[in-house]
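>>> for reference, the sequence and a predicted model appear below.
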Amino acid sequence: MHGLHCLIHQSVLCARLNGELKNVMDKVMKVINFVRGTSSTQHRLFRQLVAESADAAHDDLLLHNDVRWLSKGKALDRFCALLNEIKAFLGMSKSKAAADHLILLEDEKFMSNVAFLSDIFGHLNLLNLQLQGRDKTIVDMVEKLESFTRKLEMLEADISTGRLLHFSTLKKTAGEVTELMVDFIKRLRANFTSRFDDYSIPKDIIDFIRDPAVKPADNFSFLAKEMISSLDQAALEMEIIDFQTTSVVRDALRSAESVSAFWVGLLCSEEYSNLKKVALYILTMFPSTYVCESSFSAMNAIKTHERNRLTHQNLENCLRIKVTSISPDIQQIVTSGRCHFSH
């Protein structure tokens, strides 16, 4: 068996902040905590100020939590969108902390870094959402990760030349592009390249499963044999030749809705037994812990403090209904049911 670390967690680890940018993020959170957490009255007054503002795009600031994957980018985006309202609120406050925070927000270099972080974490959040989902296979996720790694090259060129086509917040604030920003994207791209260069299973195997019409690597059968010891290497090489020269297979590949649907359809065939083993081995791997964590969140939503006497059996039944993708035909169930005339 081959172990595979959650690809979503790995992508989050690639974007961990340190040094000056981490200091910027910490200071932003101090401002947000001051507005929201100093007192409930202060938070209410801020929300009232935002509600009365005609230009406010949101109704409140968001808190950041490292455990929640998307919160960093969303908190920064909301902070930048409500910047004028935050300044106005801090200006009305008479505390020294508010005055210090206001001085910080007037610093152009600081706000340029905030705008940059808002943009780059917006791109990272988009990747994170693309990696989530119950039907994601390792083939799907590898495609998204490779695409994002190439996008990082484009982002690096975009910010290095000062075009800022993909950094709308930084461009809107007319912030200065610094070496710190360019270095962060370079380091981010290096992290993605190094972390996702090896998926603990041969990448040539993943590439073939993703695009079976392309000629596989010369050592494909050897790599597959190392991965699955029960394979017949000689038979596998013969099957690949038959597989790629058969018009029926090519037609099925063109008409299939997805790569997974194509291989599932092939599993019904009695041919290509060794090739099907390889495909089944790859497509049944869990590339992330999304399903487990989303199911755990569903369980927490069901078994609350108010339902603390819920038995394990009833909890299991409720959870099964919650996470299933089957949609019952209620009308058919009601129509086929019988009334009880016992009373």
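Nice, thanks for sending it over.
>>> residue 155: how many residues sit nearby?
For residue 155, the tally of surrounding residues (other CB atoms under 10 Å) stands at 21. (Each C-beta comes from the backbone N, C-alpha and C, glycine too.)
>>> ok, residue 297 next?
When counting by other CB under 10 Å, one arrives at 10 neighbours for residue 297.
>>> point me to the helix or strand that includes it.
Following DSSP states H and E, the helix or strand that holds residue 297 is helix 290-302.
>>> likewise for residue 230?
Secondary-structure assignment from DSSP H and E places residue 230 in no helical or strand segment.
>>> mind listing what it touches?
Counting by CB atoms under 8 Å, 6 or more residues apart in numbering, residue 230 makes contact with residue 277.
>>> phi, psi of it?
Backbone torsions of residue 230, given as degrees, to the nearest 10, read phi -80, psi 0.
>>> any idea how far it lies from residue 204?
20 Å (CB to CB, to the nearest Å).
>>> now the helix holding residue 297, how far from the centre of its chain.
17 Å (CA atoms, centre = their mean, to the nearest Å).
>>> cool, and stretch 160-174?
Relative to the mean C-alpha coordinate of its chain, stretch 160-174 is positioned 24 Å out (CA atoms, centre = their mean).
>>> how about the helix holding residue 297 as PDB, C-alpha atoms only?
Output in PDB follows, covering the C-alpha atoms of helix 290-302 (Å, rounded to 0.1, in the frame of the first residue of the first chain):
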ATOM      1  CA  TYR A 290     -12.100  16.300   2.700                       C
ATOM      2  CA  VAL A 291     -14.700  13.500   3.000                       C
ATOM      3  CA  CYS A 292     -13.700  12.500   6.500                       C
ATOM      4  CA  GLU A 293     -13.600  16.100   7.800                       C
ATOM      5  CA  SER A 294     -16.900  17.100   6.100                       C
ATOM      6  CA  SER A 295     -18.500  14.000   7.600                       C
ATOM      7  CA  PHE A 296     -17.100  14.900  11.000                       C
ATOM      8  CA  SER A 297     -18.600  18.400  10.700                       C
ATOM      9  CA  ALA A 298     -21.900  16.900   9.800                       C
ATOM     10  CA  MET A 299     -21.800  14.700  12.900                       C
ATOM     11  CA  ASN A 300     -21.100  17.800  15.100                       C
ATOM     12  CA  ALA A 301     -24.000  19.600  13.600                       C
ATOM     13  CA  ILE A 302     -26.300  16.600  14.300                       C
END
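>>> quick one: name whatever helix or strand follows that helix.
Along the chain past helix 290-302, the next helix or strand (assigned with DSSP H and E) turns out to be helix 312-323.
>>> how about that following helix: buried residues?
Applying a neighbour-count criterion of 16 or more other CB atoms under 10 Å, one finds 318-319 buried in helix 312-323.
>>> and it, what does it pack against?
Judged by 3 or more CB pairs under 8 Å, 6 or more residues apart in numbering; DSSP states H and E, helix 312-323 is in contact with helix 290-302.
>>> what lies in contact with the helix it packs on?
8, 131-134, 136, 310, 315, 318-319, 322-323.
>>> quick check, nearest of those to residue 289?
Taking CB to CB as the measure, residue 8 is the one of the contacts of helix 290-302 closest to residue 289, at 7.3 Å.
>>> skipping adjacent residues, who's closest to that closest one in space?
residue 288 (4.5 Å; CB to CB, 6 or more residues apart in numbering).
>>> for residue 250, same thing?
Nearest to residue 250 is residue 213, by CB to CB, 6+ apart, at 6.9 Å.
>>> SS state for the residue positioned nearest the centre of the chain?
With distances taken as CA atoms, centre = their mean, the chain has residue 128 as the residue nearest its mean C-alpha position (1.5 Å). Following DSSP: H, G, I helix; E, B strand; the rest coil, residue 128 is assigned to helix.
>>> again with residue 116
Counting by three-state DSSP, the backbone at residue 116 sits in helix.
>>> that one reaches residue 182, doesn't it?
No - taking contact to mean CB atoms under 8 Å, the distance of 10.0 Å between residue 116 and residue 182 leaves them out of contact.
>>> so the two - more neighbours on which side?
Per other CB under 10 Å, whichever of residue 116 and residue 182 has more neighbours is residue 116, with 26 against 14.
>>> so who does the more buried one touch?
For residue 116, the contact set (CB under 8 Å, 6+ apart) comprises 167, 169-170, 175, 181, 184.
>>> which two from these end up farthest apart in space?
Spatial extent of the contacts of residue 116 (CB to CB) is set by the pair 169 and 184 at 15.1 Å.
>>> need the pLDDT of residue 3.
pLDDT, the model's per-residue confidence, is 67 for residue 3.
>>> roughly how far is the helix or strand in which residue 9 is found from the heart of the chain?
Assessed by DSSP H and E, residue 9 sits inside helix 7-14. Relative to the mean C-alpha coordinate of its chain, helix 7-14 is positioned 9 Å out (CA atoms, centre = their mean).
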